[in-house]
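Colleague: What follows is a predicted structure for the sequence shown.
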Amino acid sequence: MVQKMKWLSALMALCMIVLSACSSNGDSNRETASHSGSEGEEPYELNIVFPIFGGVPTDLQAVQDQISNLALEKINATVKLTPINFGAWDQQTNLMLTSGEKIDLMMLSGNTYPLKVAKGQLTALDNLIEEHGQGIKKVFDPAYLSASQIDGSTYGVPSNRDLATNYSFAMRKDMVDKYKIDVTSIKTLDDVEAVLKTIKENEPTMAPLIPSAVGASIADSYITYDSLGESFGVLPNFDNGLKVVNLYEMPEYAELLNKIHSWYKAGYILKDAATNKDSQFDLLKSNRGFGYLAKTKPGFDEQESKNGVAVVSVPLTLPVATTSSITGIMWGIPGSSNNADKAMQFLNLMYTDKEIVNLFDWGIEGKHYEKVSDNVIKFPQGVDGTNSGYNLFMGWLFGNQFLSYTFEGENPDIWSQMDEFNSSALKSKALGFIFDVDPVKTEFAAVTAVSQEFRLALETGMMDPNKHLPEFISKLKSAGIDKIIAEKQKQLDEWAKSNK
Amino acid sequence: MNAENRMIQSVGHITMIIISGACLIPFLLLVVSSLTSEQSILSNGYSFFPQEWSFSAYEYLGKASEEILRAYGITIFITLAGTATSLAITSLLAYPMSRRDFPIKNQLAFFVFFTLLFNGGLVPTYLIYTQYFDMKNTIWALIIPGLLMNGFNVLLMRTFFMTSIPLPVIESANIDGAGEFRTFFSIVIPLSMPIIATIGLFQTIAYWNDWFNGLVYLTDPQLFSIQNILNRILTDIQFLSSGMADSRASGSAQQLPSTSVRMAIAVVGAIPILIAYPFFQKYFIKGITIGAVKG
Amino acid sequence: MTQVMRAQEKQIGVKKKTMKLKKYMPLILMTLPGILYLIINNYLPMFGIVIAFKDVNFSKGILGSEWIGFKNFEYLFKTSDAFIITRNTILYNTAFIMINLIVAVGIAILLNEIRNRFLSRFYQSIILLPHLISMVIVSYLAFALLSAETGLMNKTILPMLGLNEISWYTESQYWPIILTVINVWKSAGFLCVVYLAAIIGIDQEYYEAATLDGASKWKQIWLITIPLIMPVITMMTLLAIGRIFYSDFGLFYQVPLNAGALNSTTNVIDTYVYRGLMQLGDIGMSSAAGVYQSIVGFVLVLMSNYVVRKINSDNALF
């Protein structure tokens, strides 16, 4: 036994040597970083990493070549597009960042962004934006661009899209017409309930209310507070004098759960709501669902109706901008980039260059789309969304969506409406506050586990809140939610002081 | 005696038929669901006798047929190459460990067993394979990390060698002047066909079903194996249902495969290996006969 | 005089050692590729265990990050669920180990007795079928059976028996049975192939001699088959014990569809860790969970191996 331990420890020593080699390797990578080349130098290849759904489009290479040509001309750089599937995104990007693989630009999402900053994986962008990103500055309301600041430094630039959110009730248009529902009269959840009742009575096999997406809860789609990140400690009515409270102990929350549960008992909600794996569109198409509460933006009805069933929605809340509605999708430059200046120059193009934006959004003219007029396009003969060689359709991702063409038949004024939507939105009192979970990591993990257990079942009405809400609250407390809320309050107070 | 034998046979068959049924029926439901129209599943529920049959799930997969065929090619290559290499190094390590006269056999067993209990986790493994062996986006990444040899198989083989290869046979071969390598290849291996077929089967299944290496080490879809493609379709759904997705992403939800497509995916992934299984069994049976003759 | 003797002895000793080395050189050579692979694939990455004790910051490198002792472990014991998840993990795994063992050995013995080769082959491929399907697909199958609105149970089977619908995904009392059945269904076939290979490896002479002595089949199974495959049984069981703190994530997370109402009977260590870290994604905390599980498994295996060695040293793993 002693001998065994001896060579085991020898092995461990060997591992240590490798380990130190590993970390020194990382350091040398970092030293060579930054500093741009002057004219006449080899063009720099920018590795751009972003998420996609489904297969890689067959013509991605062709689109990449066209973007490279433009970038070569303008900033002496070429691009390499590295799409990664949503399902693999977290795993692969974390490993790539951890091992210091070269990435020049990557998408960041709000929920993991502060953690990446805390781990030292991202480059601060403030000076770079000043130097190379004037176009980006012009696009945004300063309050929105600075929403991603952590300790006074910006590490991510949001894509320019819908930066605020409101919540609406979306319904099947055919049923609305059939039962002559007056959509303009729907203003509150009680009005919604009346509609649900009508549908239940007349279409007994149809669930009047379904989740807005696979795995979404009902309460998730009707939010009247700033979640300040992840709902452990929230700001009711987006203000509350900056006093953080426990959402789950709010009487309003209990009331909402009771309402949802009573709907569930009355058969208004899809029975499988909490475990359902079918998309809302499939449920509507197969006559199993009528409507859903959803996060909406201008153009929502058209977007949803593309999936086969015409939908009309009525807003239940006013648009609000919060940190998370803005930081949901951003672009950042990882520390492993060898040329952060070039990366920022290219990012600037993504917010100012109409040609580049539309290559990203719609592909190549004549091949993937045809122009109808200056800003309106359509599919060429024989091409549609399913067989197009470039079918990402992710305008909300690639920089400035407001430069994107619109499709024939869609509202051509959508971007001015969106601009109006964004600028008219109520700004949450805590807009720009980002919670650093690091000091309460232990509690955060425990509380997340508890909330993962209960939330979906409670918020889809499957669990009786009278019985289980108190249990949920007491488990959250024993997991340490109060400590998280106290920490959040402390950070929020400090933030408010320094942002006066 | 005969009566007893006959009774054992009939009890055996009856039990096995029940067990086979239990294994087969859910699979049948899988196949039938993949051939049921989506409407039928959603409105009438799952059934062995669907109201409406439909091939649309397979048509959906057929759209990606070029990609799927290439992926089959890659899967077949990694399965064959991986299983062959794996059998070679596994048996070469297991054999000395099985020799009672081999002085460090216990230390080796512990060395192997230790790897089954402790692992460094994904991040360090990834660092080793990408920074020192440069395997990112290569076909080797599908063959080597994690799969090539498994301590469990080594121990299984060692146990088989220990219990089924009598030491006198080896000793007499040694006395006849055969070197260790010759003894191993001409005596030990032929006597060990059952275990080789078994481990070969395990490795084949492991390589065939593996999607994890592709998920971790590949970003280039040209190298995706069939399971990577199937898994990609499934993980997109999982990602959405994990609640982590920004609701914006659900704008892409029209690309979500429907229930019947998911079932078709499982069928497409499993059918080829079911066809391959009888070939293994041929060796398996051969192994049995050789094993029976050896005594 | 004595010095010379000692020197001579030493020489002989050295000679013996080199002789031994020479004799076993080919065997040592054989082991090299395998050992090399295990070092690269398993031992080198073990430096990662230090991550569990660090607050990792990549700008400082893994080694440069701060040591924080056992802080990464705390969240595992933080909630009132800590007891439930540990209890569930151990109870489920103990049940799985025993039931799988009995079912798999039983089927293997039966299969070995079946004379009709064609049918025996047929049964073998069928029982392996469940092993070929991923847990995600199994979860879809389970849903096809148990869904409240579209499931086969509620739509067809229960009405046929004249029973009321059951809301499977909200009633936790059924799940210990459901999960155990699925586990056996999925893994018994695979284990059975392992045991079958071991049984086939048994020298037929034993049975011939026993038959001559007039021993019944039943006796032969108890006195020959079982004792001779005991090393394999012990090994498989020890391996399973080593993983008693792990659980099949797919089985406990995907099959119950993460339905909160089932948590009292489906929450295990792995699902707890997954739920807790899905937002944080902290590698320090996730490797802490791994280290905790490994160490408990390691201690349990060393203890069980010690007991096995006391009973029959041939069956012990090391």
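Modeller: Right, received. Where do you want to start?
Colleague: I'd like the distance between residue C:38 and residue B:192.
Modeller: Taking Cβ to Cβ, to the nearest Å as the measure, residue C:38 and residue B:192 are separated by 21 Å. No exception for glycine: its C-beta is placed from N, CA and C like everyone else's.
Colleague: give me the element the residue nearest to residue C:71 when sequence neighbours are not counted is part of.
Modeller: Ranked by Cβ to Cβ, 6 or more residues apart in numbering or on different chains and with sequence neighbours excluded, the top spatial neighbour of residue C:71 is residue A:442, at 7.0 Å. For residue A:442, the element it lies in under DSSP states H and E is helix A:441-459.
Colleague: What of residue A:420?
Modeller: According to DSSP H and E, residue A:420 maps onto helix A:414-424.
Colleague: who in the stretch 101-250 of chain C is up against chain A?
Modeller: Contact residues (Cβ under 8 Å from any Cβ of the partner chain) of the stretch 101-250 of chain C with chain A: C:140, C:143, C:147-150, C:167, C:169-170.
Colleague: Show me the shaky parts of the chain.
Modeller: Going with chain A. For chain A, the stretches with pLDDT under 70 are A:1-40, A:500.
Colleague: you looked at the wrong chain, it should be chain B
Modeller: B:1-2, B:237-257, B:278, B:280-295.
Colleague: Would you show me how to pick out the buried ones of the residues of the stretch 101-250 of chain C next to chain A in PyMOL?
Modeller: Of those, the buried ones go into a single PyMOL selection, burial set by 16 or more other Cβ atoms under 10 Å in any protein chain shown:
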select buried, chain C and resi 140+143+147+148+149+150+169+170
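Colleague: Name the nearest of the residues of the stretch 101-250 of chain C next to chain A relative to chain B.
Modeller: Each of those was checked against chain B using Cβ to the nearest Cβ; the closest is residue C:150, at 3.7 Å.
Colleague: if I've got this straight, that closest one is in a helix?
Modeller: No. Under the criterion used here (DSSP: H, G, I helix; E, B strand; the rest coil), residue C:150 is coil, not part of a helix.
Colleague: contacting residues for it?
Modeller: Shown in contact with residue C:150 (Cβ atoms under 8 Å, 6 or more residues apart in numbering or on different chains): A:272, B:41-42, B:44-46, C:144.
Colleague: again, only this time at 7 Å
Modeller: B:41-42, B:45-46 (Cβ atoms under 7 Å, 6 or more residues apart in numbering or on different chains).
Colleague: Tell me the helices and strands packed up against the helix holding residue A:442.
Modeller: Packing contacts for helix A:441-459, counted by 3 or more Cβ pairs under 7 Å, 6 or more residues apart in numbering or on different chains; DSSP states H and E, involve helix A:251-265, helix A:465-479, helix A:481-498, helix C:269-277.
Colleague: Try it again at 6 Å.
Modeller: Here helix A:441-459 touches helix A:465-479, helix A:481-498, helix C:269-277, going by 3 or more Cβ pairs under 6 Å, 6 or more residues apart in numbering or on different chains; DSSP states H and E.
Colleague: among the ones you listed, which is the most enclosed?
Modeller: helix C:269-277 (a mean of 23; mean count of other Cβ atoms under 10 Å in any protein chain shown).
Colleague: what's the average pLDDT for it?
Modeller: For helix C:269-277, mean pLDDT rounds to 84.
Colleague: helices or strands up against it?
Modeller: Using 3+ Cβ pairs under 6 Å, 6+ apart, helix C:269-277 sits against helix A:441-459, helix C:81-113, helix C:283-311.
Colleague: buried residues in whichever helix or strand comes after the longest one?
Modeller: Which is helix C:81-113. Beyond helix C:81-113 on the C-terminal side, the first helix or strand identified by DSSP H and E is helix C:117-128. If you call a residue buried by 16+ other Cβ under 10 Å, then helix C:117-128 has these buried ones: C:119-121, C:123-128.
Colleague: Please apply the same query to stretch B:147-165.
Modeller: For stretch B:147-165, burial by neighbour count (16+ other Cβ under 10 Å) applies to B:147-165.
Colleague: Please apply the same query to stretch A:181-191.
Modeller: By neighbour count on 16+ other Cβ under 10 Å, the buried set for stretch A:181-191 is A:181, A:186, A:189, A:191.
Colleague: Kindly provide the distance from the third one to chain C.
Modeller: When Cβ to the nearest Cβ, to the nearest Å is applied, the distance between residue A:189 and chain C equals 23 Å.
Colleague: just how off-centre is stretch C:273-287 within its chain?
Modeller: With Cα atoms, centre = their mean, to the nearest Å as the basis, stretch C:273-287 stands 23 Å off its chain's centre.
Colleague: now what about it, what contacts it?
Modeller: A:445, A:448-449, A:452, B:121, B:123, C:51-52, C:54, C:56, C:72, C:289 (Cβ atoms under 6 Å, 6 or more residues apart in numbering or on different chains).
Colleague: which non-adjacent residue is nearest residue 140?
Modeller: With no chain named, the answer covers chain A. Among residues not flanking residue A:140 along the chain, residue A:160 sits closest, at 6.8 Å (Cβ to Cβ, 6+ apart).
Colleague: looking at chain B here, not the other one
Modeller: With Cβ to Cβ, 6+ apart as the criterion, residue B:140 has its nearest non-adjacent residue at 7.7 Å, and that residue is residue B:133.
Colleague: Understood, closing this out.
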